[in-house]
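Participant: sequence and predicted model, in that order:
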Amino acid sequence: MAINKYIGQALDIQKRFASEDGKHYRGYRQDLDPVIKRVEEMRQGRIDSKIKNPNEWRHIGSIPMTMLVDWLAKNRYTMDQWARNEDRAKDKFLKHFMSRDYSKLHNNHITTKKESSQIVVPNFIGSK
């Protein structure tokens, strides 16, 4: 019989513990709707004025903590190793994060860039 217990919560991340057939699992749950909503707002250019953004910073994306913790566990890295970019852990994670699978969470993919919605037609098409 499986046991699934709620352990606690930190910010918006719920911690759970499960046990089944003698194996123990630790899990995390996070509602990603606010994260996706924030990325969409940033994509629409809510900070595009010079007054709101004097340094002209660009928003690349928002990384949910549960996604980072899950990736670190699967690839056997600690948060400390990731923060120090030991064994290029941060670079490997960013390559994973910037994939098309997570395009709702970042603004740096070809499907989410502002320029991708523009159609460019060269002058020589259709001419004789």
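Facilitator: That came in fine, so what should we check first? Numbering: from 1, shown residues only.
Participant: distance of the nearest residue to Arg26 once chain neighbours are set aside relative to Tyr28?
Facilitator: Spatial nearest neighbour of Arg26, chain neighbours left out: Phe17 (5.9 Å); criterion: C-beta to C-beta, 6 or more residues apart in numbering. Every residue, glycine included, has its C-beta placed from N, CA and C. As judged by C-beta to C-beta, to the nearest Å, Phe17 and Tyr28 stand 11 Å apart.
Participant: what about those two, which has more around it?
Facilitator: More crowded of Phe17 and Tyr28, by other C-beta atoms under 10 Å: Tyr28, with 17 against 14.
Participant: could you say which helix or strand contains the more buried one?
Facilitator: strand 23-30 (DSSP states H and E).
Participant: list the buried ones in the very next helix or strand once past that strand?
Facilitator: Per DSSP H and E, strand 23-30 leads on to helix 33-43 as the next helix or strand towards the C-terminus. Across helix 33-43, burial judged by 16 or more other C-beta atoms under 10 Å covers Val35, Val39, Met42, Arg43.
Participant: out of those residues, who's nearest Leu68?
Facilitator: For the buried residues of helix 33-43, the closest approach to Leu68 (C-beta to C-beta) belongs to Val35, at 11.9 Å.
Participant: which one is Tyr6 nearest to, not counting chain neighbours?
Facilitator: Nearest residue to Tyr6 in three dimensions, chain neighbours excluded: Arg16, at 5.9 Å (C-beta to C-beta, 6+ apart).
Participant: tally of neighbours for the one you found?
Facilitator: Here the number of neighbours of Arg16 (other C-beta under 10 Å) works out to 14.
Participant: check Arg84 too.
Facilitator: Other residues within reach of Arg84, judged by other C-beta under 10 Å, total 11.
Participant: identify the residues contacting the strand or helix carrying Phe17?
Facilitator: Following DSSP H and E, one finds Phe17 within strand 13-20. Residues outside strand 13-20 that contact it (C-beta atoms under 8 Å, 6 or more residues apart in numbering): 2-9, 24-30, 65-66.
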